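Undergrad: Sequence first, predicted coordinates after that:
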Amino acid sequence: MKAFLAIVRQTITVSFRSGGGPLVGLIFFLSVVIVVPFGVGPDLNLLARIGPAIIWIGALLSTLLGLDRLFQDDRDDGSLDQIQLAGIPLELVVLAKAVGHWIATGLPLVVAAPIFALLLNLSPAALGILVLTLLIGTPALTLIGVIGGALMVAIRRGGMLVAVLVLPFAIPVLIFGVMSISAVILGPASSFGLPFMLLCATTLLALVVGPVAGAGAIRAARE
Amino acid sequence: MGITNTLANPTRFMSYSGKILPVTWALALVMILAGLYYAFPGSPPDYQMGEVVRLMYIHPQAAWLAMLTYVLMAIAALGTIIWRHPLADVLQKAAAPIGACFALLGLITGMLWGQPTWGTYWVWDARLTSFLILFIMFLGLIAIWATVDDPGRAARIAAILTLVGAVNIPIIYFSVQIWSTLHQPQGLLQGQTDEHFLPPMFLMLGGYTFLFISILLLRMRTEILGRRVRTMQLTSVTAEA
Amino acid sequence: MRLTGTGLASERGGRLIFEDVGFDLADGELLAITGPNGAGKSTLLRIVAGLLPATEGRVAAAPATDGPLYTFMHYLGHRDGLKGSLTVRENLVFWQKTADSDGGIDVLDALERVRLLHAVDMPAAFLSAGMRRRVAIARLLVVRRPIWLLDEPTSALDARSETELGELIAEHLGGGGLVLAATHLKLPVPVTKTLRLGSAP
C-alpha cells in the first residue's frame, strides 16, 4: 500500500512539474468546447442538445493527451526497470499510474466541466448529472488509455497510433455517458437508469482490464 | 536447441499446409462458382426486396467471416501469450488483413443493401457501429504489425489488443437482439429464411470459408518463409563479422 | 545465499547472442562479466534481473528465497532511473517507499557517502551525468538488497568517485553481498570470478 501511494504521488508530482499538470488538458478541453459552436453555429437550442456530447468528446480527447508519454518517459529514464524490481505487482503499478494520472488530469476536467457547460447552454439540472457521469466515466477513459500508454512502451513510436488503438474502446464510455445525460435533458421518454448503470459497469470492467492489459503490454516489451 | 525447437513446428506446418492448399482452393472455387450461379441466374428475385435480395448471398457471409477471423485471431492471441507458440504469432499476422477485407466487404455490401431497403446508406445503430469498430480494430492491428519491427514483440502487443477487443464480438452478435435496431436479426440459423434461398447461402458461406482458409494458409506460408530468409540474412551477417 | 545461472541462452530478433552461459556465486563474491561490444553483457544482467526472458536456462538462488528473486536484487543500468523534475531526495525517498526496504541506510547518510549532500534538494535534471550516476549508486544504499547487478558501473564517474564506488562494493561484499558487474574496464575492486562472453579474445 505504501508503494502504491508512493507511485500515485510521484505520478501527480511529475505531471505538475514537467507536464504542466492539469493546465494543458484544461486548455485543450476548453478549446474543443469553444471550437464546436464555431463549427455548428451559435444556435443555443442546438448547443444545449449536443452540449453533453461536446463536453464528453472534449474530456475524451484531453484524457488521451499525455497518456502516450506516461510509461515511455519511465522507460527512457530507466524508472520502468527499477519499478519492475521493486516487488510491487506490475498490475498495481499500472493502476497506481492510472490513478495518479487521473487525479492530475481527469479530476480537473470533472471540476471544470460545469463551468464550460454554461457556454453550451446546458440546463442546471443537466449540470449535476454531467458532473456525476464524468466523475464515473473519466476514470474509465484513463484506465482504457493507460493500455495504450503501456503499448507505446512496446511499439516505441507513433504517438497518434495510441489514439487510433484506444479510441474504439472508449466508444462505450462515450455512448453510455452521453445517453445518461440525454435522458435527463430529453425528459422521461428515455430512461436514465440503464445507461447510467452500464456506464458504471464499463468503469468497473476497465478497472480490471486496464491494469491487467497494461501490465501485459509492458511485459510484452521485454525483449 | 531452442532454435531447432522453434522451427520444428513450422516445418511440419509447411508440409501439411502444402498438401491441403490445392484442395481448399478447389473447394473455394467450386462452391463460390456454384453459389454465384444459384445467386444470380438460378434463383428468383424476392417479391418484397426484388433483385436486391441477391446481396443476401454476399453480405452476411462476409460479415460472418470477419467475425470468425477475429475469433480465430483471439484464440491465436491466447496461443501467443500463454504458450508462446510461434505459429500463433504467424496466424495473427496473416489473418488481420484478411479480416479487414471481409469486414470492408461486409460494410460496403451492407451499405448498398441499406440504401434501397432503409433509404439510407448508413445508420448509427448498435449493429452497424459495433461492426465498424471491428473494422477499425483490424486496421489498428495491421498498423501494429507495420510499425513494430521485431515480430515477436509485435505478436505480443497485437495479442493483448486483440484480447481486449474481443469484448466487441458478443456486442456485435447480440446487438440486434438487445438494442432496437434497423438491422434485421440473422435468420440463417433460426429457420426464418425461405428454403429456396438456403442452398446458395450455405454454398457461398462454405465458399467464403474455404477462400479464407486458402488465403490464410498462403499468407502464413509466405510469412514463415519470409522469417526464414530474415534469419538466414542475420546469420550470414554474424558469420562475416 | 548462493546465486547460480545454468545453461543460459539469449536469442533476440532471430540472432543468437550467447548460449550455454553459467555462473555460480556465493556470499561475498564478485563476478566480472567481460567481453567485446555486443557480446551480451547487458543482456545477461537483464536476464538475471528478470527484465528479459532467457531463451534457455534459469537463474536460481539457494536456499530458495522468500518471495520473487528479483526483490533481492539491485539493478544499476545504463539509465539511472531518476526523474529529472524531482529532487534528489524525492527520487531516493520514492525508491525507498516502493521497495520493501528493511535496513537500508538513511537518505542523507547515503548522499553523504556519494558526496552529494549539498545537492539533496536540487532537481535531478540539474545534475551532471556523473552526479546522476552517484545518486543512482546511493539508491543501492538506501534500500538494502543482497545482490547487486551493475552494468558498466564506472561509466561517467571521475577517478575519485570510481575509488569510492570500489569501497562501497568492497563493503557490500564484506557484509556478505553478491555482485555481478558487466564491464569492459578494470573494476576498482579485486575480482573473485570472471565470466567472459563472446568468442573474440
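TA: Received, thanks. Numbering: from 1, shown residues only, chains lettered A, B, ... in the order given.

Undergrad: Next, the closest residue to chain C within chain A: phi, psi?
TA: When scored by Cβ to the nearest Cβ, chain A has A:Gly78 as its residue closest to chain C, at 2.9 Å. (C-beta placed from N, C-alpha, C; glycine too.) Backbone torsions of A:Gly78, given as degrees, to the nearest 10, read phi 90, psi -10.

Undergrad: list the contacts for it?
TA: C:Gly77, C:His78, C:Arg79, C:Asp80, C:Gly81, C:Leu82 (Cβ atoms under 8 Å, 6 or more residues apart in numbering or on different chains).

Undergrad: and the fourth one, what element?
TA: Right, C:Asp80. Using DSSP states H and E, C:Asp80 maps to neither a helix nor a strand.

Undergrad: For it, grab the count of nearby residues.
TA: 25 (other Cβ atoms under 10 Å in any protein chain shown).

Undergrad: cool, the first one as well?
TA: Here the number of neighbours of C:Gly77 (other Cβ under 10 Å) works out to 20.

Undergrad: Thought C:Asp151 was touching it, still the case?
TA: Yes: assessed by Cβ atoms under 8 Å, C:Gly77 is found in contact with C:Asp151 at 5.0 Å.

Undergrad: of all the contacts of A:Gly78, which two lie farthest apart?
TA: Greatest spacing in the contacts of A:Gly78, by Cβ to Cβ: C:His78 and C:Leu82 (12.7 Å).

Undergrad: Mind checking which of the two has more residues around it?
TA: Using other Cβ under 10 Å as the criterion, C:His78 and C:Leu82 rank with C:Leu82 on top: 26 against 11.

Undergrad: Give me the pLDDT for A:Arg9.
TA: In this model, A:Arg9 is scored at 93, pLDDT.

Undergrad: quick one: contacts of the helix or strand hosting it?
TA: Using DSSP H and E, A:Arg9 sits in helix A:2-18. Defining contact as Cβ under 8 Å, 6+ apart, one finds that helix A:2-18 is touched by A:21, A:66, A:70, A:73, A:83, A:86-88, A:92-93, A:95-97, A:99-101, A:103-105, C:83-86, C:90, C:94, C:97-100.

Undergrad: wait, A:Phe71 sits on A:Ile218?
TA: Yes: counting by Cβ under 8 Å, A:Phe71 touches A:Ile218, with 6.7 Å between them.

Undergrad: What is the neighbour count of whichever residue of chain A sits closest to chain B?
TA: Going by Cβ to the nearest Cβ, chain B is nearest to A:Ala220 of chain A, at 3.4 Å. Using other Cβ under 10 Å, the number of residues around A:Ala220 comes to 25.

Undergrad: Could you measure from it over to C:Arg15?
TA: 20 Å (Cβ to Cβ, to the nearest Å).

Undergrad: And the helix holding A:Arg9, what's buried?
TA: A:3-4, A:6-15, A:17-18 (16 or more other Cβ atoms under 10 Å in any protein chain shown).

Undergrad: The lengthiest helix in chain B near chain C at all?
TA: When chain B is parsed with DSSP state H, its longest helix is helix B:198-240. Yes: among the residues of helix B:198-240, B:Arg227, B:Arg230, B:Thr231, B:Leu234, B:Thr235, B:Thr238 lie within reach of chain C under Cβ under 8 Å from any Cβ of the partner chain.

Undergrad: Report how many residues lie close to the fifth one.
TA: The reference is to B:Thr235. Residues lying near B:Thr235 (other Cβ under 10 Å) number 13.

Undergrad: Give the closest residue to it in space, chain neighbours not counted.
TA: Leaving aside its sequence neighbours, B:Thr235 sits nearest to C:Arg15 (Cβ to Cβ, 6 or more residues apart in numbering or on different chains; 7.5 Å).

Undergrad: Tell me the first helix or strand C-terminal of the helix holding A:Arg9.
TA: helix A:22-40.

Undergrad: re earlier: ok now the helix holding A:Arg9, how far from the chain's centre?
TA: Put simply, helix A:2-18 sits 17 Å off its chain's centre (Cα atoms, centre = their mean, to the nearest Å).

Undergrad: next one: stretch B:85-97
TA: 12 Å.

Undergrad: Export that stretch to PDB, keeping only CA atoms.
TA: C-alpha atoms of stretch B:85-97 as PDB (Å, rounded to 0.1, in the frame of the first residue of the first chain):
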ATOM      1  CA  HIS B  85       3.600 -20.800 -29.900                       C
ATOM      2  CA  PRO B  86       5.400 -19.400 -33.000                       C
ATOM      3  CA  LEU B  87       2.600 -20.500 -35.300                       C
ATOM      4  CA  ALA B  88       0.100 -18.400 -33.300                       C
ATOM      5  CA  ASP B  89       2.200 -15.300 -34.000                       C
ATOM      6  CA  VAL B  90       2.200 -16.100 -37.700                       C
ATOM      7  CA  LEU B  91      -1.500 -16.800 -37.700                       C
ATOM      8  CA  GLN B  92      -2.300 -13.500 -36.000                       C
ATOM      9  CA  LYS B  93      -0.200 -11.500 -38.500                       C
ATOM     10  CA  ALA B  94      -1.600 -13.400 -41.500                       C
ATOM     11  CA  ALA B  95      -5.200 -13.200 -40.500                       C
ATOM     12  CA  ALA B  96      -5.500  -9.400 -39.800                       C
ATOM     13  CA  PRO B  97      -5.600  -8.100 -43.300                       C
END
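
Undergrad: Indicate whether it makes contact with chain A.
TA: No: using Cβ under 8 Å from any Cβ, stretch B:85-97 stays clear of chain A, with a minimum separation of 11.8 Å.

Undergrad: Residues in contact with that stretch: which ones?
TA: B:6, B:9-10, B:13, B:69, B:72-73, B:76-80, B:138, B:141-142, B:145, B:151-152, B:154-155, B:158-159, B:162, B:216, B:219-220, B:222-224, B:227.

Undergrad: Could you identify the buried members of those?
TA: If we count by 16+ other Cβ under 10 Å, these have these buried: B:6, B:10, B:13, B:69, B:72-73, B:76-77, B:79-80, B:138, B:141-142, B:145, B:151-152, B:154-155, B:158-159, B:162, B:216, B:219-220, B:223-224, B:227.

Undergrad: In helices, which of those residues fall?
TA: B:6, B:10, B:13, B:69, B:72-73, B:76-77, B:138, B:141-142, B:145, B:151-152, B:154-155, B:158-159, B:162, B:216, B:219-220, B:223-224, B:227.

Undergrad: returning to what we had before: list the residues that contact both of C:Gly77 and C:Asp151?
TA: Common neighbours of C:Gly77 and C:Asp151 (criterion: Cβ under 8 Å, 6+ apart): C:Ser42, C:Leu45.

Undergrad: for chain C, what spans make up the strands?
TA: Assigned strands in chain C, in chain order: C:2-12, C:15-26, C:30-34, C:56-62, C:73-76, C:147-151, C:178-182, C:193-196 (criterion: DSSP state E).

Undergrad: what do you get for chain A?
TA: Using DSSP E, strands in chain A do not occur.

Undergrad: Quick check: which ranges of it have low pLDDT?
TA: For chain A, the stretches flagged by pLDDT under 70 are A:19, A:158-159, A:187-190, A:223.

Undergrad: Can the lengthiest helix in it be said to contact chain C?
TA: As assigned by DSSP H, the longest helix anywhere in chain A is helix A:124-155. No: using Cβ under 8 Å from any Cβ, helix A:124-155 never reaches chain C; the gap is at least 12.5 Å.

Undergrad: show me the contacts for the spatially closest residue to C:Arg89 that is not a sequence neighbour.
TA: Nearest residue to C:Arg89 in three dimensions, chain neighbours excluded: C:Val120, at 4.9 Å (Cβ to Cβ, 6+ apart). Going by Cβ under 8 Å, 6+ apart, C:Val120 touches C:Thr87, C:Val88, C:Arg89, C:Val107, C:Leu108, C:Leu111.
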